[in-house]
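here is the input, now give the coordinates:
(chains A and B)
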2 protein chains.
Amino acid sequence: MTVMLDLGSHFPTGLTVATLTLAGVLLLAAAARADTPYAAMRPVGFTDVRLEDGFWAPRIRNTIDAMIPHQLRMCEETGRIRNFEIVAGRAEGKHEGLFFNDSDVFKVLEGMAYCYALEPSPNLLAEMDRLIDTIAAAQQPDGYLNTHFTLVEPDKRWSNLADMHELYCAGTLIEAGVAHYDATGDRKLLDVALRFAECIWSVFGPGKRDGYCGHEEIELALVKLAETTGDGRWLALAQRMIDLRGQGHGAEYCQDHEPVREQDAIVGHAVRATYLFAAAADLAARSGDEGLVRAMDAVWEDTVSHKMYITGGIGPSASNEGFTGNYDLPNDTAYAETCAAIGLAFWGKRMTEFHGDARYADVVERALYNGFLSGVSLSGTRYFYVNPLASRGDHHREEWFYCACCPPNVLRVVPTIGGYMYGASGDGLWVNLYAASTASVRVGDTDVQVVQRTDYPWDGDIKVAVNPASAAEFEVRLRIPGWCEGATCEVNGASVDATAANDGYLHIRREWRRSDVVSLHLPMPVRRIEANPAVEADRGRVALMRGPIVYCLEGVDNGGVVRDICLPRENNLTATMRPGLLGGVVTITGHARCAPALGWQDDLYRPARDTADKTITAVPYYAWDNREPGEMTVWIPEAPGLAG
Amino acid sequence: MTVMLDLGSHFPTGLTVATLTLAGVLLLAAAARADTPYAAMRPVGFTDVRLEDGFWAPRIRNTIDAMIPHQLRMCEETGRIRNFEIVAGRAEGKHEGLFFNDSDVFKVLEGMAYCYALEPSPNLLAEMDRLIDTIAAAQQPDGYLNTHFTLVEPDKRWSNLADMHELYCAGTLIEAGVAHYDATGDRKLLDVALRFAECIWSVFGPGKRDGYCGHEEIELALVKLAETTGDGRWLALAQRMIDLRGQGHGAEYCQDHEPVREQDAIVGHAVRATYLFAAAADLAARSGDEGLVRAMDAVWEDTVSHKMYITGGIGPSASNEGFTGNYDLPNDTAYAETCAAIGLAFWGKRMTEFHGDARYADVVERALYNGFLSGVSLSGTRYFYVNPLASRGDHHREEWFYCACCPPNVLRVVPTIGGYMYGASGDGLWVNLYAASTASVRVGDTDVQVVQRTDYPWDGDIKVAVNPASAAEFEVRLRIPGWCEGATCEVNGASVDATAANDGYLHIRREWRRSDVVSLHLPMPVRRIEANPAVEADRGRVALMRGPIVYCLEGVDNGGVVRDICLPRENNLTATMRPGLLGGVVTITGHARCAPALGWQDDLYRPARDTADKTITAVPYYAWDNREPGEMTVWIPEAPGLAG
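The predicted structure is shown next:
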């Protein structure tokens, strides 16, 4: 017996879940849990949003044209793909590289699938097929799939969940399988993933061994698997792994120190922590689980109030790739792994959708435009693993890493940026991020085309055309960014009060008709930002921001030396669009002072000297280290002045 | 056959080395190496200098009256002394505490011996005797003495030199034995130490096993043993351990990564590094070893040019208790172990004596008055292990530590401060540090009484009476501190040019007669110091110094909040002697600005606001955390001003 199942509008148009087995049908009752009844909005998928802007669209183009070929080549050259071929008996040799290298291949494949969903091409399809064939051939008869364990220590399967990333790797396979299926309708990688998931279920399912991974990831992957298959077992398994976590009071490093529901501070490895709480938010959206909601809210507040760089980077410490104490945010030694900014964006997106509160989207925007995007060069082929906020000129992007989690993570985020922009509910259209684009959103029973025209993030003038298929009353909820003061708004040329509600959104309820246009103006002066004085590293300094963009001083624009620059108080800073620079950016120029660096030589301390005039240029932080190597700083000391 | 050996003037008056064995006599040829022919000066021992000042003398008083009883009690209560009693069969039980806890007892005993040398008392002698009896009873028949190995893992002796501090502990025993003998003329602890040294010689001597300790210390102890016994074997053993080090390219953590003579940067554990190079300087002074001189000079330059806090603290990182990269000097997370500042003072004292250059003494002064002295409370009974340069109010001295290296190290330094003040050579009297005191120095063939009258470090007026036993021509070399500008000098009321020579000393050559008086004036304005802009943590900030004293802002003097204080450029700071405060200190007061800390609550970032007036008081850094707990900072951001 087979049943055709259409899970409806939150699947890519035209795709339906294929035939289900009887077992699947019996689990249909659980499929309701793939909906998110406890969330304020449901996301609008990235395939329903076409970016037409000058900021993200070229990045997506570059991802397809340059990043994918580069990363495939890196996976080839580093043996990551050959590891599968060896297991499949198609190549000779030993396993090469780290024990979790499979995950990089899965993540590249996931990113390729997203790109294919945006822009199907026979070449990309063929490349994916070739990879999937190799991966599928490496799957063991019982569904197990891990080249390290199969080649290096076959008798150690599932023997060290805390350290060996086995379930983490499985999670990335599941995400890739779901992404590939969603993009192509082809089940073959999804089936590989499902076979592995069944294998995991047989070992770690309810009533079996209590187990969960030291590196969270599979939890959020299982939610996706549940959503795509409609099989509630995968939600149950994700829930089980989160429920088990911390019961034995393990290590803070992997958020295993206390039960998840009792956690109220972010600790340990930053990527792991964000993946965990992203999954918690997924589950809360489906079950309303009050314990998880309380924990994820408390941990979020701790993160953004005490432990987040102005760039949205998180996890200051290299020693644990993660968190330390409150307000410990050193700039030059900031670890701020690219994957951690991505994890914060994953989590923040889900928090936005769960709570319907713009301050979560503020953090997502901060991370995406700054601490995430700094992770990749303009060429798309060089990456930061570590994203410091100050450099002496010796920190540069690399084409790959021995531990290469970050590059493929960038690859799977860029094509999905459109998916961060909108949310929908029964009577609301939520605009979370701004960019020129055309989207299809279903609000209640109405299909609505939403067209944004703007030069955001360089300009705060945004026109949003709201085109319902037929006239309908609903609420458009426009996020007024936390950084913005003095927003104004017109609907069809008539002013409306642009004050945000407590949830941070400007609510406009009316009967919307085709060609209604909302004009939102978000003033974008250059802003001097100061950090809480508890942040030792930033005391007496300001950072420059404009709109969502964090700026930095780079040596190449400032005579080679930026460490000695200090900034006077008066507002003498000018923003200028420079189309030819760094792919087109707004720079900030102005008069500053400098403590002449000359004459220091080997002195470490000396009596303070007078400062001198200097003209400075600041560029977006995300774009630094794309020209000649040199010093960089985000936090600029204020120029010394007289007592008032 | 026995020979009486008088090693002469650099021994405490009235003491002679007791009878030597035949083997000792055969090694007399090597005894010459206990002299320091390659050093510019020989030190004047602390027993030849009586401090009569208001700064150090009360600290020595307190050490005798409070610190010794406190630390003895701690050693009792923590089982450190009982461990010896158990080995001796005088108590039941298991070894308690860390495997190197013996060293704390030995260091306490060493400090007690120094105090006894300054101020003999029957009680102190009896306390030492009691301890020594217990220690001696714990010595094994073959001379071995280590309570951990004897009680816990007797079959593991000498099996893990890199990690188990066995030779380190032996070194502290040797130093204690030498100190006790020098102070009392009683050989009994020296003999215990010698028996252990013979045991070590039998295992690690020339032609035997190549071995050296992961934690350097025994090397400098063996030099002292050679000097006191006249037995050159101990110099040879120290030399051998330094020669072997790094040949196997071990860990940077214990300076074992490359041969010592090839090292040119300070790396790894800070205390170990300084103890190593202090011993290297000892050996160089005796042998002129060019390779050691080159290495110790290069490593010193690296230390003071790139890796030293303004307080003389070194070793910024908790993870290795030591060094990281150049200019990595974070303030709030500074480790700057008290023992490391002590190690820097040990090393710098030897560098001063070897090179006869005042810039080494500058560093000794910096460390003693700041990063060392901060390690102990005014009460003498509470200690910092870690000496940060900024605190949110949660860092406080403790009465003891599980790993208690620092408190006994303070105990053995304070009574010997007088030994840092003077050097002597054939025709020169070197004045390295200033303090009211009376000293006996032998210059060439002339006994010279040197009397200093000054309120240093609070005042820069210093009168030095030079009273030779009979008129004699020699050079008085007065250190002009590196921090000082505009020094002036008179001899018997007549001005002399006070310009320092290239070696940093003001050289005054004349025939000195009883009651000649040199009047030195070192101006002590409040100084604003800036750090090399490569020090990320200090950019845009100044530290306040006056004379050799580094100042800090403490919450208790500044309305509870110091993190938001910023300092205008104009000179509005006033120094005031406050006899009743913190044992009598000069404070610095003035007008500053503050970025009001109120209103921050849980914000992490916000648009920069105006500053407001605030009156501030700074106190010496060494004296912080002696009143109510609160915030502290050394480096103060400069107040924002306008463009010039």
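
quick check: the residue of the stretch 51-200 of chain A nearest chain B.
Residue of the stretch 51-200 of chain A nearest chain B, by CB to the nearest CB: A:Asp163 (20.0 Å). Placement of C-beta: from N, CA and C, glycine included.

pull the number of nearby residues for the residue nearest to that residue when sequence neighbours are not counted.
Of all residues not flanking A:Asp163 in the chain, A:Gly214 sits nearest, at 5.6 Å (CB to CB, 6 or more residues apart in numbering or on different chains). Close neighbours of A:Gly214, defined as other CB atoms under 10 Å in any protein chain shown, add up to 21.

same check on A:Trp158?
Neighbouring residues of A:Trp158 were enumerated by other CB under 10 Å; the total is 16.

I figured it hits A:Val203, correct?
Yes - counting by CB atoms under 8 Å, A:Trp158 does reach A:Val203; the two are 6.1 Å apart.

okay, and the common contacts of these two?
Contact criterion CB atoms under 8 Å, 6 or more residues apart in numbering or on different chains; residues shared by A:Trp158 and A:Val203: A:Arg209, A:Gly211.

hmm, back to that, tell me the secondary structure for the residue of the stretch 51-200 of chain A closest to chain B?
coil (DSSP: H, G, I helix; E, B strand; the rest coil).

one more: A:Asp155?
From three-state DSSP, the assignment for A:Asp155 is helix.

any idea how far A:Phe149 is from it?
In this structure, A:Asp155 and A:Phe149 are 9 Å apart, going by CB to CB, to the nearest Å.

the closest residue in space to A:Leu433 that isn't next to it in sequence and chain B: what is the separation?
With CB to CB, 6+ apart as the measure, A:Met421 is the residue that lies nearest to A:Leu433, at 4.6 Å, once sequence neighbours are left out. Per CB to the nearest CB, to the nearest Å, A:Met421 is found 24 Å from chain B.

check contacts around A:Met421.
A:Met421 neighbours (CB under 8 Å, 6+ apart): A:Val44, A:Val49, A:Val431, A:Asn432, A:Leu433, A:Tyr434, A:Ala435, A:Ser437, A:Ala439.

not counting sequence-adjacent ones, nearest residue to the third one?
Read it as A:Val431. Per CB to CB, 6+ apart, closest to A:Val431 is A:Leu478, 4.9 Å.

quick one: A:Asp461 and A:Asp264, what's the gap?
A:Asp461 is 41 Å from A:Asp264, where distance means CB to CB.

now do A:Cys75
From A:Cys75 across to A:Asp264, the span is 40 Å (CB to CB).

the more surrounded of these two?
Neighbours were counted for A:Cys75 and for A:Asp264 using other CB under 10 Å; A:Cys75 has more, 25 against 13.

my guess is the more buried one meets A:Asp102, correct?
No - the pair A:Cys75 and A:Asp102 does not pass the contact test of CB under 8 Å, sitting 10.3 Å apart.

give the closest residue to the one residue in the stretch 401-550 of chain A that gets nearest to chain B in space, chain neighbours not counted.
Proximity of the stretch 401-550 of chain A to chain B (CB to the nearest CB) peaks at A:Gly540, 2.0 Å away. Sequence neighbours aside, B:Pro637 is the residue nearest to A:Gly540 in space, at 2.0 Å (criterion: CB to CB, 6+ apart).

which residues does that neighbour form beta bridges with?
For B:Pro637, the beta-bridge partners are B:Arg541 (DSSP bridges).

still on that earlier bit, A:Asp155 and A:Phe149: which is more packed in?
Neighbour count, other CB under 10 Å: between A:Asp155 and A:Phe149, A:Phe149 has more, with 23 against 6.

residues contacting the host helix or strand of that one, please?
Using DSSP states H and E, A:Phe149 sits within helix A:147-151. For helix A:147-151, contacts defined as CB under 8 Å, 6+ apart pick out A:83-84, A:86-87, A:94-95, A:98-102, A:138, A:140, A:144, A:156-157, A:164, A:166.

domains of chain A?
Domain assignment for chain A by automatic domain parsing gives A:422-521, A:527-642.

from A:Glu77, how far off is A:Glu399?
Look at A:Glu399 and A:Glu77: by CB to CB, they are 10 Å apart.

neighbour count: the two, which is higher?
A:Glu399 (14 against 11).

the closest residue to the more buried one other than its chain neighbours: how many residues sit nearby?
Spatial nearest neighbour of A:Glu399, excluding adjacent residues (CB to CB, 6+ apart): A:Arg382 at 5.5 Å. Number of residues near A:Arg382 (other CB under 10 Å) recorded here: 18.

how about the contacts made by A:Arg382?
A:Arg382 touches A:Val376, A:His396, A:Arg397, A:Glu398, A:Glu399, counting by CB under 8 Å, 6+ apart.

report the two of those residues separated the most.
Comparing all pairs in those by CB to CB, the longest separation belongs to A:Val376 and A:His396, at 12.9 Å.

more neighbours: these two, which one.
Just comparing A:Val376 and A:His396: by other CB under 10 Å the higher neighbour count belongs to A:Val376, 26 against 11.

any idea how far chain B is from the more buried one?
As defined by CB to the nearest CB, A:Val376 lies at a distance of 24 Å from chain B.

pLDDT wise, what is that residue at?
Per-residue pLDDT puts A:Val376 at 98.

need the three-state assignment for A:Arg453.
strand.

residues contacting it?
A:Ala436, A:Ile462, A:Lys463, A:Ala465.

and the second one, how far from B:Ala531?
The gap separating A:Ile462 from B:Ala531 is 45 Å, by CB to CB.

and the two? Which one has more around it.
Remark: of A:Ile462 and B:Ala531, B:Ala531 carries more neighbours, 25 against 21, as counted by other CB under 10 Å.

what pairs with that one across the strands?
A:Tyr605.

ok, now how distant is it from B:Tyr369?
19 Å.

if we can go back for a sec, pLDDT score for the residue nearest to A:Glu399?
Per-residue confidence at A:Arg382 stands at 98 (pLDDT).

ok, it to A:Arg397 distance?
Counting by CB to CB, the gap from A:Arg382 to A:Arg397 is 4 Å.

which residues are common contacts for these two?
By the contact definition CB under 8 Å, 6+ apart, A:Arg382 and A:Arg397 are jointly contacted by A:Val376.

ok, for A:Asn387, nearest residue in space, not its chain neighbours?
A:Ala336 (4.2 Å).

isn't the one you found up against A:Thr311?
Yes - under the criterion of CB under 8 Å, A:Ala336 makes contact with A:Thr311 at 7.0 Å.

next, show the common contact partners of the two.
By CB under 8 Å, 6+ apart, A:Ala336 and A:Thr311 have these common neighbours: A:Gly371, A:Asn387, A:Leu389.

give me the buried subset of those.
A:Gly371, A:Asn387, A:Leu389 (16 or more other CB atoms under 10 Å in any protein chain shown).
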